[in-house]
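Undergrad: sharing a model prediction with you, sequence too.
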Amino acid sequence: MSDKRSTSARAAGAPAKPRSPTRRPRADDFDPTLLPSRDAILDALTAAGTPLPPDELIRALAAPPIVHDALAGRLAAMERDGQILTNRKGELGLVGKLGLAVGIVEGHPDGFGFLAPEDGGTDFFLSPREMHKVLHGDRAVVRMSGFDRKGRREGEIVEVLARANLSVVGRLHVERDVHFIEALNRRISQDFLVPADGLGSARIGEVVVATIVEQPTGEREAVARVTEVLGNATDPGIEIEIALRKHALPFTFSADAQRQAKRLPGEVRPADRKGRHDLTALPLVTIDGETARDFDDAVYCERKGRGWRLVVAIADVAHYVRDGDAIDRDARERGTSVYFPRRVIPMLPATLSDELCSLKGGVDRLCIACDMDVAAEGAIEAYTFYPAVMHSQGRLTYTEVSSWLADGEAATTPQAKALLPHLRDLHRLYAAFAAARRRRGAIDFDTEEPAIEFDEHGKIARIASAPRNDAHRLIEECMLAANVCAADFLLREKQATLFRVHDSPPIDKLAALREFLAMSALHLGGGERPSASDYAKLLDAAHGRTDGDLLQTVLLRSLSQAQYRPDNGGHFGLGYEAYAHFTSPIRRYPDLLVHRGIKAALAGQTYAPTGMTWAQLGVHTSMTERRADEATRDVVNWLKCHYMQGRIGEEFDGTVSGVTSFGVFVALDDLAIDGLVHVTELGRDYFHFDAVRHALVGEHSGVTFQLAGRLRVKVARVDMEQAKIDFVLAQGTVDKEVGATTAGTTAAHPTFAEPLARDGAPRKGSRQGKGRRSGG
């Protein structure tokens, strides 16, 4: 690619008073250079070779009395951070030397848990007794106490360094006049006692939010006081209220942010236009879903020689939201917009997200344009970024653009007829981009997302697959192109930013994948460092095989999770050496940071965020993305359970979407609804879990239930509290007495060991809202 084409002292002379030898040191006598650093403290403890009492450590550090208070604070901070620990004798020791480990507690619904050490070692198993001292997410110190019957390291809680839960969302119960809250987060298995004066107006069975006033210990239960009543578990909309609080999602803007939003102008002002390119005559259009309201991006394409000129215009949020202002602080905390079914928790106030920054049709809007020259074969030859003013010529939908491209006669309005030539150029450009993607070896999994339709009461009326058409794909390719240019530009300008990094698959997952592939007579090239093209070739080889769906699922699960990081590690899945998110600043905070970096570079300046380092922002925004996904998944799962309540006893065809030691999960065709067939429902046999084959195998019968296999199941039970659906095998699928495939099994399921290709869509995530517009 080419470079950008635009390219506190005393008063003077006052005598010093003699210091009295008996005067106590004052705060203004403090010299911070006399305070021992953390490294010096660790070195002193290491040199001592044994734990030291505080006074001996002070002598070893030669710390003067003036810094003793500050030193005590530093030691306390180091203890909180898990670097040192005070033993029963009051001596300070190194955590590593004491045979201890520091990490985050991960609870399990069955009461036990694990501690994942921060040093990357193997996890410690925590028994239910030890888990009684902590809650899921707590940061703790453990001592190895032995091995459990499975050979895992077993840990004993020594100290809790930080409590992760200050409140709890759950249902209020009473037994023998004792009130308690059962957490809705299944990873928190402890109950929370509620004193009589802490009930407020809550009634038994209601879902409540409670402040934890006493954390659990080995001797006593946790204690909480009700602060908010959300209502009954089946009330319309309560699933979203629960998810917001369960995942600690900010959902109200601060008073300062609201005041700032009210002061924003209602339209683009003359002063805002200064120094910007005028694109108002360019027929830029937005192409989005029917229900979208926040329009980040607009596109335009025209032929240029044998190639094309592509303009991707993105809302200039950074013009209105400045680093460190009230709206920015709230946006950073949120990290992303959250798209629930029928409700959006926006990253920005509606004044910006739905109005001033939204590239609505028929009004002028500020934008940052990425203006690209694309060769006939789909390679980006040159690009430039510049601030501009645009005027969207049309708010188009994927459905209508797809229909116009398929049949030009469908474009009947004057607007449609005027825009159709540019849309056809976009479609031809998409074909060139798609060919370049194939040559690049990017991984392209065959995915579809379910479309959920609701009735007037806010419940699911229908779930159907929503296949992506060429309009979706052409917008996605345009966004990918602009994102690649943004990453390249920031690297060339040496402007720090957050890259979207997708690492190559971990070694352990690769080893498991290769072991699985060996049984299928397939091979993944690339040795220990396979490329995206190696994956793409394997997907091509799997296409059309009876086990093709199984292979695609296993390949997908071997990949790493994408993250935001300041170090450019490239994007493995897309086959890019550098990639950043530029195209959605209304709904993603990393994109806003990228915009600030681009604008600073264009002005010959450097941008550095305030309050957090780039590394801290990467960790934070990656967390907020996962948090939003988990909250959305919870809500959709709850709605699916509510939908299936009325279908208990009905039978469905489905695909095995997950295999565990306790059963198989089945995704129903066309519904994207999962449920569990417990191992006890698979037949009278001893079933053994084969992790390599992703299968449960009957010891005596040999019947095998494998990932991506086909099953017919019956809905047996729906648990709304836990948002779980239980299935049983339909009559005749498996003989319950011997666990063998019955003679009456239909041609659709001749065996479970070699599943046929499915007729229905594969199980997909049910992300709502903007979908895959920016890729990766």
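TA: It's in.

Undergrad: so how far is Asp119 from Thr624?
TA: The gap separating Thr624 from Asp119 is 26 Å, by Cβ to Cβ, to the nearest Å. To be clear about C-beta, it is placed using only N, CA and C from the backbone, and glycine gets the same treatment.

Undergrad: quick one, which of the two is more surrounded?
TA: Counting neighbours by other Cβ atoms under 10 Å for Thr624 and for Asp119 shows that Thr624 has the greater number, 23 against 9.

Undergrad: avg pLDDT for the host helix or strand of that one?
TA: Using DSSP states H and E, Thr624 sits in helix 614-645. Averaged over helix 614-645, pLDDT sits at 92.

Undergrad: just how off-centre is that helix within its chain?
TA: Relative to the centre of its chain, helix 614-645 is centred 6 Å away, using Cα atoms, centre = their mean, to the nearest Å.

Undergrad: please apply the same query to stretch 607-619.
TA: Centroid separation for stretch 607-619 versus its chain: 18 Å, with Cα atoms, centre = their mean.

Undergrad: list the buried residues of it.
TA: Residues Tyr607, Pro609, Trp614, Leu617, Gly618 are the ones in stretch 607-619 that count as buried (16 or more other Cβ atoms under 10 Å).

Undergrad: tabulate the CA atom coordinates of it in CSV.
TA: C-alpha atoms of stretch 607-619 as CSV (Å, rounded to 0.1, in the frame of the first residue of the first chain):
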residue,chain,number,x,y,z
TYR,A,607,-2.6,11.0,20.3
ALA,A,608,-2.2,9.3,23.7
PRO,A,609,-5.3,8.5,25.8
THR,A,610,-5.6,9.8,29.3
GLY,A,611,-6.3,7.8,32.4
MET,A,612,-5.3,4.4,31.0
THR,A,613,-2.4,3.0,29.0
TRP,A,614,-2.9,1.4,25.6
ALA,A,615,-2.3,-2.0,27.2
GLN,A,616,-4.9,-1.4,29.9
LEU,A,617,-7.4,-0.1,27.2
GLY,A,618,-6.8,-3.3,25.2
VAL,A,619,-7.6,-5.5,28.2
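
Undergrad: quick one: contacts of it?
TA: Under the contact criterion Cβ atoms under 8 Å, 6 or more residues apart in numbering, stretch 607-619 has outside partners 323-324, 332, 495-498, 563-566, 590, 593, 596-597, 599-601, 620.

Undergrad: try stretch 332-343
TA: 237, 240, 243, 249-250, 294, 344-348, 353, 452, 454, 458, 586-589, 611-612, 617, 620-621, 623-625, 627-628, 631-632, 635-636, 639, 767-770.

Undergrad: list the buried residues for the one helix or strand Asp540 maps to?
TA: Per DSSP H and E, Asp540 falls inside helix 532-542. With burial defined by 16+ other Cβ under 10 Å, the residues of helix 532-542 counted as buried are Ala532, Ser533, Asp534, Tyr535, Ala536, Lys537, Leu538, Leu539, Ala541, Ala542.

Undergrad: is Ile181 bridged to anything, and to what?
TA: Leu172, Phe192 (DSSP bridges).

Undergrad: ok, it touching Ile212?
TA: No: Ile181 is not in contact with Ile212 according to Cβ atoms under 8 Å; the separation is 9.8 Å.

Undergrad: settle it for me: which of these two has more neighbours?
TA: Higher neighbour count among Ile181 and Ile212: Ile181, with 26 against 18, using other Cβ under 10 Å.

Undergrad: contacting residues for the spatially most central residue of the chain?
TA: Computing the C-alpha centroid of the chain and ranking residues by Cα atoms, centre = their mean puts Arg626 first, at 2.0 Å. Shown in contact with Arg626 (Cβ under 8 Å, 6+ apart): no residues.

Undergrad: same question for the one 5 residues further on.
TA: With contacts defined as Cβ under 8 Å, 6+ apart, Ala631 is in contact with Ala243, Leu244, Lys246, His247, Leu249, Val338, Phe340.

Undergrad: just Leu593 next, same as before
TA: Taking Cβ under 8 Å, 6+ apart, we find Leu593 in contact with Thr497, Leu498, Pro609, Leu617.

Undergrad: CSV for those, including distance to Ile157 and secondary structure?
TA: Listed next are those as CSV, based on distance: Cβ to Cβ, whole Å; DSSP: H, G, I helix; E, B strand; the rest coil:
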residue, distance to Ile157, secondary structure
Thr497, 40, coil
Leu498, 36, coil
Pro609, 37, coil
Leu617, 32, helix
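
Undergrad: format the residues you listed as TSV; extra columns: distance to Ala432.
TA: Formatted as TSV, the contacts of Leu593 follow (distance: Cβ to Cβ, whole Å):
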residue	distance to Ala432
Thr497	28
Leu498	29
Pro609	37
Leu617	35
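
Undergrad: wait, which of those is closest to Asp148?
TA: Leu617 (39.3 Å; Cβ to Cβ).

Undergrad: could you check how far that closest one is from Lys133?
TA: 33 Å.

Undergrad: over to Ser520?
TA: Distance, Ser520 to Lys133, using Cβ to Cβ: 46 Å.

Undergrad: okay, those two: which has more neighbours?
TA: Lys133 (21 against 15).

Undergrad: that one reaches Val160, doesn't it?
TA: Yes: if you go by Cβ under 8 Å, Lys133 and Val160 touch, sitting 7.1 Å apart.

Undergrad: looking at the contacts of Ala631, state which has the most neighbours.
TA: Val338 (28 neighbours).

Undergrad: and it, backbone torsions?
TA: Val338 adopts backbone torsions of phi -120, psi 120, taken as degrees, to the nearest 10.

Undergrad: make residue 1 into 58 and carry on from there
TA: Let's use 58 as the start, then, which means that last one is Val395.

Undergrad: show me the beta-bridge partners of it.
TA: Here Val395, judged by DSSP bridges, has bridge partners Ile402.

Undergrad: do you know how far it is from Gly294?
TA: On the measure of Cβ to Cβ, Val395 and Gly294 end up 15 Å apart.

Undergrad: likewise Val264?
TA: Applying Cβ to Cβ to Val264 and Gly294 gives a distance of 12 Å.

Undergrad: and if you look at Lys474?
TA: Remark: distance between Lys474 and Gly294 (Cβ to Cβ) = 43 Å.

Undergrad: do the same with Asp335
TA: 45 Å.
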